[in-house]
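Visitor: return a 3D structure for these sequence lines:
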Amino acid sequence: MRSYIANCPWVFGCRIFTRPLNLFIFIYNIIQYMNFQFSILIFAISLVIVGTLVLRYSVKSSIQSQKWPPYIANCPDYWIDTTGDGSACKSSTMNVSPAVGCFGIVNFSQLTTCEKYNRSNNCGIYWDGINYGNTSINAKVC
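Guide: Next up is the predicted model:
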């Protein structure tokens, strides 16, 4: 039995792990024969791990520092601002309500943020930054 282990060729099929010392010798032989390749492999794995951690941290910090939405439009979503200042917002076929005063051409330029919030909620209109996406404006404030 001993001669079988001693004369066994160096392949994975041999029973070389019968004692813990043989396992360390096996690992040492791998490091010794594949020194350059093993070093490059360890370096590449370390580089991928460090790069992933840096990328995760930078994305997380940039998301937390941005406000949403970055720009609040003069008119609700999918409405057309015909004048450019919100004084004549024309409803389109999307994001409209059949209630009176909630469609057609509406003047939003003279309304405060709370008035815009209440009107968009009463009419069922979605408006990024007014009734969606802005946590500083809510029913308790208005």
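Visitor: what segments of the chain are strands?
Guide: Taking DSSP state E, the strands of the chain run over residues 80-81, 89-90, 105-106.
Visitor: partner strands of the second one, parallel or antiparallel?
Guide: By that I understand strand 89-90. Paired with strand 89-90 in the same sheet, following DSSP bridges, are strand 80-81 (antiparallel), strand 105-106 (antiparallel).
Visitor: just say which of those strands is most tucked in.
Guide: Ranked by mean neighbour count, the strands paired with strand 89-90 are led by strand 105-106 with a mean of 16 (mean count of other CB atoms under 10 Å). C-beta: built from backbone N, CA, C; applies to glycine.
Visitor: in TSV, list the strands of the chain along with mean pLDDT and distance to Leu55.
Guide: Shown next, in TSV, are the strands of the chain (pLDDT from 0 to 100; distance: least, CB to CB, whole Å):
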stretch	mean pLDDT	distance to Leu55
strand 80-81	88	38
strand 89-90	86	41
strand 105-106	84	45
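Visitor: follow-up on the earlier one: dump the strands paired with strand 89-90 to TSV, plus distance to Ser92.
Guide: What follows is those, written out as TSV (distance: least, CB to CB, whole Å):
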stretch	distance to Ser92
strand 80-81	6
strand 105-106	12
